[in-house]
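# after the sequence you'll find the predicted model.
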Amino acid sequence: MNPRSGTGLNLDGEGDAEVTPRLPATAPALAPGDASDIDLMRSIQAGDSEALSQLYDRYSGILKALILRVIHNEAEADDLLQEIFMEIWNHAKNFSSQKGKPLGWMVTLARRRAIDGLRKKQAYARAGERLQAETEQQPEAWVHNATAEEIDFADTRVLVRQVISSLPPAQQQAIELAFFRGMSQREIAADTNTPLGTVKTRLELGLKKIYDGLKELKHEL
Amino acid sequence: MSFEEFQNRSRLYVLGALESEELEEFEEARKTFGQKGEDFIGECYALHEAFALSLKPAKASSAIKDKLMRMVRERQQR
């Protein structure tokens, strides 16, 4: 396996117990009196900057974790986070509550921006590596920055991680590469030296299990 | 394409993991399944949320927030 491929979605060593897969379909519950995400988005659409401030306080940690998981660099993640919230502010009118929830919209946007950033970085790194090879220098190591501070063991996250950790490692790895690296099935097959058909099966089975976990919880709530 | 296969592909589609030939077939099937298909694709985007929520929240810099809010206010004043 390529060393930069990661080791699957459950990198933090928690939630390894075999449990019934359950996934929440929503973010953690709000305190009484807090504006809902939809209310905040409507206020942002109306030009209320205080609503953006509240949305930042609520979700910057989750979005930064997602960006960090893709690009593995604290300073770049901060820059990207700022750009993403600016994009949320500038393009809030594109959000429609009929098409989904605000967090889903923000995560989709953040993931796309982070993967774009990663691809640019990889292209830059490949060019750099070629230059280094020519000058007989060691290629730069892939850096993984841990972000262990302020760990929030909210029930939501624990439940999500339980279902992910219940997947076989090969399925976790395939999903990790697809979601956090933006790789196609062929790219995953090449990266992991695995037959394309096997990659397809791993992705399909893993995603179905996670999706079913989500659905099951939705019915319980 | 059966609806079960469409469901499998929808989950890959929202991750952007479909190969180009699969994508063409998927887009054709999407027309066939109409609103039922669109509703299912919409549900699949919950996977994005789930993956994000599976991560430990990282500490976001207050300086970044200050800069962001300054930029927003400047834009409002223009």
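Cool, got the structure. Numbering: from 1, shown residues only, chains lettered A, B, ... in the order given.
# what's the straight distance from one end of stretch A:62-80 to the other?
Start and end residues of stretch A:62-80 are separated by 13 Å (CA to CA, to the nearest Å).
# check which element follows the least confident helix or strand in chain A by mean pLDDT along the chain.
Least confident helix or strand, chain A: helix A:155-165 with a mean of 74, by mean pLDDT, DSSP states H and E. Using DSSP states H and E, the next helix or strand after helix A:155-165 towards the C-terminus is helix A:169-181.
# that next one and chain B in contact?
Yes - applying CB under 8 Å from any CB of the partner chain, one finds helix A:169-181 in contact with chain B at A:175, A:178-180. Yep, even glycine has a C-beta here, placed from its N, CA and C like the rest.
# format those as a markdown table; extra columns: pLDDT and neighbour count.
Converted to a markdown table, the residues of helix A:169-181 next to chain B look like this (pLDDT from 0 to 100; neighbours: other CB atoms under 10 Å in any protein chain shown):
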| residue | pLDDT | neighbour count |
| --- | --- | --- |
| A:Ile175 | 93 | 26 |
| A:Ala178 | 92 | 24 |
| A:Phe179 | 92 | 27 |
| A:Phe180 | 90 | 20 |
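# with respect to chain B, which of these is nearest?
A:Ala178 (4.3 Å; CB to the nearest CB).
# before we move on, the earlier item: so the least confident helix or strand of chain A versus helix A:169-181, what angle?
Between helix A:155-165 and helix A:169-181, the angle comes out at 120 degrees (axes from the mean of the first three to the mean of the last three CA atoms, to 10 degrees).
# can you pull the alpha-carbon coordinates of helix A:155-165 into CSV?
Below are the C-alpha coordinates for helix A:155-165, written out as CSV (Å, rounded to 0.1, in the frame of the first residue of the first chain):
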residue,chain,number,x,y,z
ASP,A,155,-22.6,11.0,21.4
THR,A,156,-23.1,11.9,17.8
ARG,A,157,-19.4,11.5,16.9
VAL,A,158,-19.1,8.3,19.0
LEU,A,159,-22.1,6.7,17.2
VAL,A,160,-20.8,7.7,13.8
ARG,A,161,-17.4,6.3,14.6
GLN,A,162,-18.9,3.0,15.9
VAL,A,163,-20.4,2.2,12.6
ILE,A,164,-17.3,3.2,10.6
SER,A,165,-15.1,1.1,12.9
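# pLDDT score for A:Gln122?
You'll see A:Gln122 listed with a pLDDT of 74.
# how close does it get to chain B?
Distance, A:Gln122 to chain B, using CB to the nearest CB, to the nearest Å: 16 Å.
# over to A:Gln171?
As defined by CB to the nearest CB, A:Gln171 lies at a distance of 12 Å from chain B.
# test my guess that that residue contacts A:Val199.
No - contact criterion CB atoms under 8 Å: A:Gln171 and A:Val199 do not qualify, at 10.1 Å.
# please identify which of these two sits among more neighbours.
Taking neighbours as other CB atoms under 10 Å in any protein chain shown, A:Gln171 and A:Val199 compare with A:Val199 leading, 26 against 23.
# the more buried one contacts A:Met183, doesn't it?
No - taking CB under 8 Å as the definition, A:Val199 is not a contact partner of A:Met183, at 9.5 Å.
# enumerate the residues of chain B near chain A.
Counting by CB under 8 Å from any CB, the residues of chain B close to chain A are B:7-8, B:11-12, B:15-19, B:42-61, B:64-65, B:67-69, B:71-73, B:75-76.
# among those, name the buried ones.
Buried subset of those (neighbour count, 16 or more other CB atoms under 10 Å in any protein chain shown): B:7-8, B:11-12, B:15, B:17-18, B:43-58, B:60-61, B:64-65, B:68-69, B:72.
# show me what the host helix or strand of A:Met41 is packed against.
Assigned by DSSP H and E, A:Met41 belongs to helix A:37-45. Packing partners of helix A:37-45 (3 or more CB pairs under 8 Å, 6 or more residues apart in numbering or on different chains; DSSP states H and E): helix A:49-71, helix A:102-134.
# go with 6 Å
On a contact count with 3 or more CB pairs under 6 Å, 6 or more residues apart in numbering or on different chains; DSSP states H and E, helix A:37-45 meets helix A:49-71.
# give me the angle between the helix it packs on and helix A:37-45.
Going by the same axes, to 10 degrees, helix A:49-71 is angled at 110 degrees with respect to helix A:37-45.
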